[in-house]
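Colleague: Could you look at this predicted model? Sequence included:
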Amino acid sequence: MTTVSKLAGGVSLLSCLTDMHRTGMIYANNEYARASGDSFISCAIGTQKADRVSYKDARRKNWLLKNNFLGGITEFTARIRGYFKGLAESATRYIPNFALSAVAICVKSKVMSNLSAVGLAIVEIYDFIRNSSGIFQRTDYLE
C-alpha cells in the first residue's frame, strides 16, 4: 500500500502545483486588464490637459494616447505581480496538501505514509464538497 500512498502524494502534489500555476495565470490576466484600463484612462486624462494651446503639443499628446506610451511596462509589471499574487494565494490554500504529500512521499514508515494518504483523501473530499458541489454555499441570492 505504500506505493499507492506515494503515488497519491505525488498526484496530489502535481495537482496542487498545476492549479497554483493556472490560478496565477488567471490573476495575471486580471491584473493586466486592470492595469491596461487604468493606464489608458490615465493617459487619456493626461493628454486632454495642457498649459497652453499648441498644435505641436496636441499632435504629440495624440500620438502618446494612440500608442499608449509607457503603458506596456506598467502592464507587464502588473501581469507579473498578479501571477505571484495568485500563486501565493493558492499556495496558502494548499498547505495541508503539501504537508500530507511530503509525509506520504518522504516517510519510510508504512503506517505514516498510509495515514497521510487517507488524510489527502479526506482533504480532497472536503474540498470537493465545499468548493465544487455547491453544498454549504449560499445560493439564495434571488430571495
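Modeller: Yep, it's here.

Colleague: tell me which helix or strand of this structure sits lowest on mean pLDDT?
Modeller: helix 55-67 (a mean of 80; mean pLDDT, DSSP states H and E).

Colleague: Show me what counts as buried in that helix.
Modeller: Buried residues in helix 55-67, counting neighbours by 16 or more other C-beta atoms under 10 Å, are found at K61, L64, L65. Where C-beta positions appear, they are placed from N, C-alpha and C, glycine not excepted.

Colleague: same thing with stretch 100-109?
Modeller: Buried residues in stretch 100-109, counted by 16+ other C-beta under 10 Å: L100, S101, V103, A104, I105, V107.

Colleague: check which helix or strand covers the fifth one.
Modeller: Using DSSP states H and E, I105 falls within helix 95-106.

Colleague: where's R22 relative to K49, distance?
Modeller: 42 Å (C-beta to C-beta, to the nearest Å).

Colleague: So those two - more neighbours on which side?
Modeller: Set R22 next to K49 and count neighbours by other C-beta atoms under 10 Å: R22 wins out with 12 against 7.

Colleague: I'm done for today, thanks for sticking with me.
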